[in-house]
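Enquirer: Task: produce atomic coordinates for the following.
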Amino acid sequence: MPGRKEPSWTSKGLRRARSSVRAAAIQALGALKDKRLAAFFKDLFRKDKSNHVRAEALRALGLVGVASLIPLLREATSVLSHQNLSRCAAEKVLKQIEK
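Expert: Now for the predicted structure:
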């Protein structure tokens, strides 16, 4: 997001926590609906090794509601993951955003 920086508290500490803690934190951060966090959530989806964290990052992106992320969400519908977590999350978010 041009001109907008993610808050500094979202960086290293969260990335070092266990996946269940990261997922819960992402869920809470998503509830803030802060568009400044969109790049952070996108980065988590692309780089985190946990399928659960990646799915929560997609759900958080849906709460932020940035239409420019639709290509990423469409890409996420083809990502293979345990129990199709990423695909299901991406499809649900796409339905929300495209309304």
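
Enquirer: What residues does Asn84 make contact with?
Expert: With contact set as C-beta atoms under 8 Å, 6 or more residues apart in numbering, Asn84 has no partners. All C-beta spots, glycine's among them, are computed from the backbone N, C-alpha and C.

Enquirer: how near is it to Ala55?
Expert: According to C-beta to C-beta, to the nearest Å, Asn84 stands 9 Å off from Ala55.

Enquirer: same thing with Lys35?
Expert: 20 Å.

Enquirer: Looking at those two, which is more packed in?
Expert: Shown here are Lys35 and Ala55; by other C-beta atoms under 10 Å, Ala55 has more neighbours (28 against 12).

Enquirer: my guess is the more buried one meets His82, correct?
Expert: No: in terms of C-beta atoms under 8 Å, Ala55 does not count as a neighbour of His82; the distance is 9.8 Å.

Enquirer: and Lys57, how far is that from Ala28?
Expert: Residue 57: Ala, not Lys. With distances taken as C-beta to C-beta, Ala57 is found 13 Å from Ala28.

Enquirer: which ones are touching Ala23?
Expert: Per C-beta under 8 Å, 6+ apart, neighbours of Ala23: 50, 52-53, 56.

Enquirer: any idea which element it lies in?
Expert: Ala23 is part of helix 19-31 when elements are defined by DSSP states H and E.

Enquirer: Please apply the same query to Lys49.
Expert: Residue-wise, Lys49 maps onto no helix or strand under DSSP H and E.

Enquirer: same thing with the one 3 residues further on?
Expert: Under the criterion DSSP H and E, the helix or strand holding His52 is helix 51-64.

Enquirer: Many thanks, I have nothing further to ask.
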